[in-house]
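K.L.:
From the sequence below, what's the structure:
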Amino acid sequence: MKRDGLLNPQLNQAIARLGHTDTFAICDCGLPLPPQARIIDLTLIHGVPSFEQVAEAILKEVVIEKVTIATQTPDVIINTLPADAPITKIDHEDFKKQINDCIFVVRTGSTTPYANAIYYCGVSF
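P.N.:
Model prediction:
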């Protein structure tokens, strides 16, 4: 058994395969997801796990170069984004289109409206 960090095997495998400029998303439980997307569904009940919990755990494992969010994204979600990563804000409809390009999408139990972010991977060297 792993000592600490992420325990979800699907999530660990997906993160290990990420390269520079690859994208992944963390989203709330209501975001419509494209049928062809690789979904890692962590939902349990409404609110569990929260966007904040999932983002905190994943961001300990990945180097982030930049982030895209919808203009409607609330401050409670913006405050979870990496402080050193530039943030691009786009309309929610355009955001939903960009989800199609993500390597994978992590679905949380969050019921906070617009609790969604697309992360662009950086490099650790």
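
K.L.:
State the three-state secondary structure for A14.
P.N.:
helix (DSSP: H, G, I helix; E, B strand; the rest coil).

K.L.:
Surely it touches R38?
P.N.:
Yes. Between A14 and R38 there is a contact under C-beta atoms under 8 Å: 7.1 Å. Heads up, the C-betas are built off the backbone N, CA and C, glycines and all.

K.L.:
Longest strand in the protein, by number of residues?
P.N.:
Counting residues, the longest strand found in the chain (DSSP state E) is strand 64-70.

K.L.:
Name every strand pairing with that strand and say which way it goes.
P.N.:
Sheet pairing of strand 64-70 (DSSP bridges) gives strand 87-90 (parallel), strand 117-121 (antiparallel).

K.L.:
hey, where'd the strands end up in this structure?
P.N.:
Using DSSP E, strands in the chain cover 23-27, 39-41, 64-70, 87-90, 104-107, 117-121.

K.L.:
partners of the fifth one in the sheet?
P.N.:
If I follow you right, that is strand 104-107. Partner strands and pairing direction for strand 104-107 (DSSP bridges) are strand 23-27 (parallel), strand 39-41 (parallel).

K.L.:
which other residues reach that strand?
P.N.:
11, 14, 24-29, 31, 33, 37-43, 54, 58, 99 (C-beta atoms under 8 Å, 6 or more residues apart in numbering).

K.L.:
same check, this time on the first one
P.N.:
Outside strand 23-27, the residues that touch it by C-beta under 8 Å, 6+ apart are 14-15, 18, 33, 51, 54-55, 58, 98-99, 101-108, 110, 115-121.

K.L.:
how about low-confidence regions in the protein?
P.N.:
Counting by pLDDT under 70, the chain contains no low-confidence segment.

K.L.:
90 - rerun?
P.N.:
Low-confidence segments of the chain (pLDDT under 90): 1-4, 34.
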